[in-house]
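K.L.:
What would the 3D arrangement of this be:
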Amino acid sequence: MLDYTAGLSAPLLGLFGDQDQYPTPELVDRHEEELRKHGKEYEFHRYAGAGHGFFYYHRAAYRPESAMDGWAKVFDFFGRHLTSGS
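P.N.:
Sure thing, here's the model as predicted:
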């Protein structure tokens, strides 16, 4: 993931659970450092008490509050960065 950072040409949104094993919070920190170093446009949001797959409503990892906040951030991000060109 870090190897591609310098060539990134689009804004990046990251939603991470602080209990995730991959990427770990430390790896997310390293990625954020690389993004800053290369002047990339990005947004990272982290969720306490959430692990990998916190959006999966049908699994034990589901965290409703984190998922709802995450969806709001996804739609906001897309609304700001995707246009129809009209």
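K.L.:
okay, CA-based contacts and neighbour counts for the rest of this
P.N.:
Will do.
K.L.:
what sits against the residue nearest the centre of the chain?
P.N.:
Of all residues in the chain, the one closest to the mean position by CA atoms, centre = their mean is Gly14, 1.1 Å from it. With contacts defined as CA atoms under 8 Å, 6 or more residues apart in numbering, the neighbours of Gly14 are 42-45.
K.L.:
Tell me which stretches of the chain form helices.
P.N.:
Under the criterion DSSP state H, the chain contains helices at 25-37, 64-81.
K.L.:
and the ones you listed as TSV, adding mean neighbour count, mean pLDDT and distance to Leu8?
P.N.:
Rendered in TSV, the data for the helices of the chain read as follows (neighbours: other CA atoms under 10 Å; pLDDT from 0 to 100; distance: least, CA to CA, whole Å):
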stretch	mean neighbour count	mean pLDDT	distance to Leu8
helix 25-37	15	96	9
helix 64-81	14	96	15
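K.L.:
In JSON lines: those helices, plus distance to Thr5.
P.N.:
Listed next are the helices of the chain as JSON lines, based on distance: least, CA to CA, whole Å:
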{"stretch": "helix 25-37", "distance to Thr5": "6"}
{"stretch": "helix 64-81", "distance to Thr5": "19"}
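K.L.:
wait, doesn't Ala48 sit right on Asp18?
P.N.:
Yes: between Ala48 and Asp18 there is a contact under CA atoms under 8 Å: 5.3 Å.
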